[in-house]
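*Asks:* Below is the sequence, then the predicted model.
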Amino acid sequence: MEIKVLGTGCMKCKQTEKIVREVVEENKLNATITKVEDIMDIMNYNIVSTPAVVIDEKVVIKGRVPSKNDVLSALGLT
């Protein structure tokens, strides 16, 4: 599974990355997590508001800091 956290490096983007990493670690998921900060790369996902989370090239969360439950749900674990 490939997870991307899209964001330019703001506090909300850093919080989102931290939450995603915690969920992956706590659930022992086999996932690669990448932080995408380049604005041109972010725009390729048609994202106008960050942070955003992309799982296997599908945007699942955008424009807000997700809760752990949001990430679990996006991963299909709840």
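*Replies:* Great, that's in hand.
*Asks:* Pull the residues that contact whichever strand or helix holds residue 3.
*Replies:* Per DSSP states H and E: residue 3 is located in strand 2-6. Contacting residues not belonging to strand 2-6 are listed as 13, 16-17, 20, 24, 31-36, 41-42, 45, 47, 50-57 [CB atoms under 8 Å, 6 or more residues apart in numbering]. Where C-beta positions appear, they are placed from N, C-alpha and C, glycine not excepted.
*Asks:* Pull out the CA atoms of the next helix or strand along the chain from that strand and give them to me as CSV.
*Replies:* Per DSSP H and E, the first helix or strand lying C-terminal to strand 2-6 is helix 11-26. Backbone C-alpha positions of helix 11-26 (Å, rounded to 0.1, in the frame of the first residue of the first chain) are rendered in CSV as follows:
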residue,chain,number,x,y,z
MET,A,11,1.7,22.8,10.9
LYS,A,12,-1.5,21.0,9.7
CYS,A,13,0.4,19.1,7.1
LYS,A,14,2.9,18.0,9.7
GLN,A,15,0.1,16.9,12.1
THR,A,16,-1.5,14.9,9.3
GLU,A,17,1.7,13.1,8.5
LYS,A,18,2.2,12.3,12.2
ILE,A,19,-1.3,10.9,12.5
VAL,A,20,-0.9,8.8,9.4
ARG,A,21,2.4,7.4,10.6
GLU,A,22,1.0,6.6,14.0
VAL,A,23,-2.0,4.7,12.5
VAL,A,24,0.2,2.7,10.2
GLU,A,25,2.6,1.8,13.0
GLU,A,26,-0.1,1.0,15.6
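*Asks:* in helix 11-26, what's buried?
*Replies:* By 16 or more other CB atoms under 10 Å, the buried positions in helix 11-26 come out as 13, 16, 17, 19, 20, 21, 23, 24.
*Asks:* Please apply the same query to stretch 70-77.
*Replies:* For stretch 70-77, by 16+ other CB under 10 Å, it's 70, 71, 74, 75.
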